[in-house]
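# coordinates only, no sequence provided:
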């Protein structure tokens with residue numbers, strides 16, 4: 001059976017399927033070739049996500065103790081620059097290593113997991129793709145060993 005011998009509605013459906021597959025392949029290629037920081041909205045998008053994430057975790061009863069006495073504007077700027085850098089962005093991170101910056105804070109696994117959960121929610125709210133979100137979290141995950149103390 002050739003495509004022209006198919007009933008008209010099947011030909012239309014087959015053509016639609018082919019176009020959908022081609023479109024999916026093209027968008028995957030575009031995403032794969034776009035730097036992660038651009039997939040996350042560039043510096044402005046990353047800064048907005050980090051600002052909201054830090055606002056939430058710094059006021060959450062489960063983690064706010066960690067942020068007591070911290071200059072939040074500086075922290076937001078530093079974390080946004082770090083995440084931008086991790087996402088292959090042009091930002092310059094001038095902060096400490098993760099181990100040095102968090103060494104005396106006694107951050108627990110539960111506090112770290114809350115930060116990841118909130119970051120994931122804020123990335124979703126910002127419209128980040130699942131692939132971009134998962135790639136960023138994959139890149140950030142090894143830092144857990146330098147941040148969690150208990």
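Received, thanks. Every value quoted in this text rests on a predicted model; they were computed, and no experiment measured them.

# which residue is the nearest non-sequential neighbour of the residue nearest the centre of the chain?
Ranked by distance to the mean C-alpha position of the chain (Cα atoms, centre = their mean), the top residue is residue 133 at 3.8 Å. Among residues not flanking residue 133 along the chain, residue 123 sits closest, at 4.5 Å (Cβ to Cβ, 6 or more residues apart in numbering). Bear in mind the C-beta positions are built from the backbone N, C-alpha and C, glycine included.

# same question, residue 112
Sequence neighbours aside, residue 148 is the residue nearest to residue 112 in space, at 5.1 Å (criterion: Cβ to Cβ, 6+ apart).

# which helix or which strand is home to residue 132?
Using DSSP states H and E, residue 132 sits within helix 130-140.

# same for that helix, what does it pack against?
Counting contacts by 3 or more Cβ pairs under 8 Å, 6 or more residues apart in numbering; DSSP states H and E, helix 130-140 packs against helix 36-39, helix 72-86, helix 109-125.
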